[in-house]
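Novice: Sequence below, structure please.
(chains A, B and C)
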Amino acid sequence: MSNLLEIEHLKKYFKSARGTVHAVDDVNLTIEAGKTVGLVGESGCGKSTLGRTIVHLQESTDGVIRFDGKDVTHLDKKQMLEFRKNAQIIFQDPYSSLDPRQTVQDIIQEPMRLLTKDSKAEIEKKSDELMDIVGIEKRLRLSYPHELDGGRRQRVGIARALALNPKFVVCDEPVSSLDVSIQAQILNLLMDLQDQLGLTYLFITHDMSVVRHISDYICVMYLGQMIEKTDKKSLFDQPLHPYTKALLSAIPTVDIDAQPERIQLKGEINSPIDPKPGCRFAKRCPYAQHCCHEPVPLTEVQPGHFVACHRVKEINQL
Amino acid sequence: MNEKKESAFFSIRDLNVQYKSGAQTVYAVNGVSFDLAAGETLGLVGETGAGKTTIAKSILRILPPHAVKKMEGQVLYEGEDIFQMNDTELRKIRGHQISMIFQDPMTALNPVKRVNEQIAEGYIQHHHCTKAEAEKRAEEMLELVGISADRAGEYPHQFSGGMKQRVVIAMALACSPRLLIADEPTTALDVTIQAQVLDLIKRLRDELGTSMILITHDLGVVAGICDQVAVIYAGRIIEYGTKADVFRHPTHPYTIGLFGALPDLKKDVERLSPIEGLPPDPTEQIEGCAFYPRCERRCEKCKSYRYEPTRLSDTHTILCCNPAGEGEEK
Amino acid sequence: MKGNRKDTGSLKPGSLRYVWRKLLRNKSAVFGLTVVCVLIVLSLISPLICRYDYRSMDGLNAYSLPSAEHLLGCDELGRDILSRVLYGARYTFIIGILSTAIAAVLGIAMGAVAGYFGGAVDSALMRFLDIFQSFPMLILAMAFCAVFGTGIDKCILALGISNISGFARLMRANILRIRNMEYVEAATSIGCPTRKIITGHVIPNAISPIIVEIAMGISRNGLASSSLSFLGLGVQQPTPEWGAMLSSARSYIRYYPHMAIIPGIFILITVLSFNLIGDAVRDILDPTLKE
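Specialist: Numbers count the residues shown, from 1 in each chain, chains lettered A, B, ... in the order given. Now for the predicted structure:
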């Protein structure tokens, strides 16, 4: 299959009072059409910024974004609208991502009114179809977001993202504010939509079990950098980076007979402001040595399994 | 639910809490009872709006009085009913015998006070000691939760989220309470930090012999830390048992549904099986079982169900009139 | 909740009609609205219903206490206090409403511009407004009166100008808050042009807290107008403005306290009524207080 999205050396820096925040620092990523890539990491690791930079909600500082074979790093107004039709985003918070003064119908129809030349009747027909697809009852057409529960609101957000028939959707923690039983409904919906419409997802989350369920490939980010990248099976069966191992061992599991042996990490995530060269995880890493202060590239350790760690071979006895 | 222990260390009997909301009544807690033995940890699990936090807050009587319409039942701490206590007696219990950790460490600390002062505050009140003694105690507590004593004089904003939650825990434990109520203590934290904090809570609980009520929506957290589990739905404990009872043999259709809705870290499943529908509107009083509309095993009996508990074993009780029998579980 | 849903559910939360419906179900707001309406109506028809003209002097009845003839008594020149108080209500309302309108219109415009464009525009506008804010409102209004002279129109202008910075700050803060909401980002992601984002998503959502400020502003400015008149800077005698009435009564307060107490009570209940309305509006618009 061809790659729908290719990102090379993408950087996104912010100026802050205390220095430059390296929110996304030299990230490479390719996503095959029709697949789901899961992007995991803890708060502040830059996963949301990466997603937003890809769909041009923020402009990148440096690097190249290619979409469907075309360079989309810098777009003029007309190209941007064309790009927006193809690349959409579903937001984390179904409470703040819907305008409280728009009805469900307004929200779903707005993208079509703005970006298509369809007639009013066509738009109305399409929005009814979308409500069907995402499972919102038609009687709620004229309801306002505050009258809906979290799950339904998130369905409205999904319908809005799908209104322009995009090929690619960034899902930015779409289920993390929902209760377990509702979360499962939305995850199933997203997977069904992918099958029906052939969507490609970049699925951003901090929840390892969710990412395992929905993704084909998984990327782990730490402080703005990609530290491990591989298919789902090898990541969960054989995580190679010490951070990934710790992350996986930290997840509370419901299996009371097999509580994981925790890998304790020292301290907390350090600041992404003007980071020193070298492995950014070194400060918390149980295996850190002197060599870890050298810059560390993401290298293919096993076929299709990329890891950014100097000592990966020793640690894993490869 | 289990009446066997005559004078448990801590128990709640038939707790009912209703809130006012405009002209309507919110039925938040509808007849909750449980016992907690000294040194044990009970996990209260449930989804948003199930009534978990209301139960916790009514134990210490810290619900906002203007919002509460009705608060009935008994909260027995060593045989004494907290609901009958006067303010002086209550103040002796709060913070000293029973203390609470709140969900959000960002708002639980006073931003303009040094952390050692905040930890010392409660200690001075209950021990009538000097400020210096109390601050020494605060430093001990900080060391205990893994924060170096040099940082005792710093302000909350100088700490990260996980460190703040450690400070909150130090505050709650400063007076060596016998019962700790932790309301979603790790929900606001990242996974690796959550693991650290949970391990800390577990270690301190074992070292100090504190009993604990842990409130969470995360079944995984319960599995790691609790002895007893109570699953709450629409203000009622619908399944109660030991950890092994509930995690090995979940029997109430809602509990089974919760497990089914969780994406698994080890098994591959094509589709998750969500619980269809939504939790009931808490302003409506429901005839029969509140889970009825979402239940896969619903039948005619459920409509007139009066919440007679079904005992599955000495330790395991459910509120369901049509549970799956042996052999057809899950 | 179910019951409310029927009445207000179909209305936009924060829209004027939504606020109005909810307001009618709030007891203290209804009280406030009733008092304000009754006062306005009485003031308008006072020349028709009052037995005495508010200007006519009756030397024989000077300082007279409330009686059947003069229900609220007479002032030092024998003018009927009831007629004067009722007639005078219009000045308090006119000054309160017009000066708030001036402040709101200018303040909202300046705040919106400063908040949305940010950067140098923001700094310039806000520093300019800081100058106004560095003086207490009443002192500033006094300075204006001193420059422009006294009278109702100047009083309105002075109070209006001195209130601009409050509205501008509030509007700017709201715009800044809403600019960071995810739905504004969502609008960008579906290709909504900047102009439409501002007019369609940002401003409508930023405006509702302003409604509260307007209700409070009317009461504050009504009170301030009385203060200015009391100081002799606002409405001048013989126009029966409440503050001016208080001012002239203060020399006689030891012997004829009713001359001061009556306009004082009217000021009190008017301010109270507007505050009740403002409080109710704030409760309605604050989503954290809902349910």
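Novice: centroid residue for the chain?
Specialist: I'll assume chain A. residue A:204 (2.4 Å; C-alpha atoms, centre = their mean).
Novice: Sorry, I should have been clearer: chain B.
Specialist: residue B:215 (2.7 Å).
Novice: Who are the contact partners of it?
Specialist: When contacts are counted by C-beta atoms under 8 Å, 6 or more residues apart in numbering or on different chains, residue B:215 touches B:43-44, B:52-53, B:55-56, B:181-184. C-beta: built from backbone N, CA, C; applies to glycine.
Novice: Which helix or which strand is home to it?
Specialist: strand B:211-216 (DSSP states H and E).
Novice: Check which residues of that strand are buried.
Specialist: B:211-216 (16 or more other C-beta atoms under 10 Å in any protein chain shown).
Novice: same check, this time on stretch B:17-25
Specialist: Here stretch B:17-25 shows B:17-19, B:21, B:24-25 as buried, counting by 16+ other C-beta under 10 Å.
Novice: ok, the strand holding residue B:215: who's next to it in the sheet?
Specialist: Strand B:211-216 has the following strand partners under DSSP bridges: strand B:41-45 (parallel), strand B:179-183 (parallel).
Novice: So the residue in chain B positioned nearest to chain A: helix, strand or coil?
Specialist: At 2.9 Å from chain A, residue B:220 is the closest residue in chain B, using C-beta to the nearest C-beta. State at residue B:220, reduced to three classes by DSSP: H, G, I helix; E, B strand; the rest coil: helix.
Novice: For the nearest residue to it once chain neighbours are set aside, give its distance to chain C.
Specialist: Take residue B:220 and drop its neighbours on the chain: the residue closest to it by C-beta to C-beta, 6 or more residues apart in numbering or on different chains is residue A:252, 2.9 Å away. Noted for residue A:252: a distance of 28 Å to chain C, by C-beta to the nearest C-beta, to the nearest Å.
Novice: Next, count neighbours for residue A:252.
Specialist: The tally of other residues near residue A:252 (other C-beta atoms under 10 Å in any protein chain shown) stands at 22.
Novice: Same check on residue C:269?
Specialist: Residue C:269: 14 neighbours (other C-beta under 10 Å).
Novice: my read: it touches residue C:32, true?
Specialist: No: using C-beta atoms under 8 Å, residue C:269 makes no contact with residue C:32, being 9.4 Å away.
Novice: How about the secondary structure of residue A:63?
Specialist: Classification of residue A:63 using three-state DSSP returns strand.
Novice: which residues sit in contact with the residue nearest to it when sequence neighbours are not counted?
Specialist: For residue A:63, ignoring the flanking residues on the chain, the nearest one in space by C-beta to C-beta, 6+ apart is residue A:10 at 3.6 Å. If you count contacts by C-beta under 8 Å, 6+ apart, residue A:10 has them with A:24, A:26-29, A:50, A:53, A:60, A:62-65.
Novice: Strands of chain B, residue ranges please.
Specialist: Ranges of strands in chain B, per DSSP state E, are B:10-21, B:24-36, B:41-45, B:68-77, B:80-81, B:98-101, B:179-183, B:211-216, B:228-233, B:236-242, B:310-311, B:317-318.
Novice: Can you show me the helices along the chain?
Specialist: Answering for chain A, as no chain was given. A:47-54, A:77-86, A:104-115, A:120-134, A:150-162, A:180-197, A:208-214, A:232-237, A:242-250, A:312-316 (DSSP state H).
Novice: right idea, wrong chain: chain C
Specialist: Listed in chain order, the helices of chain C (DSSP H) span C:2-8, C:16-23, C:27-49, C:81-117, C:119-133, C:137-148, C:152-179, C:182-189, C:194-196, C:203-206, C:208-230, C:242-249, C:258-285.
Novice: Perfect, I'm done here.
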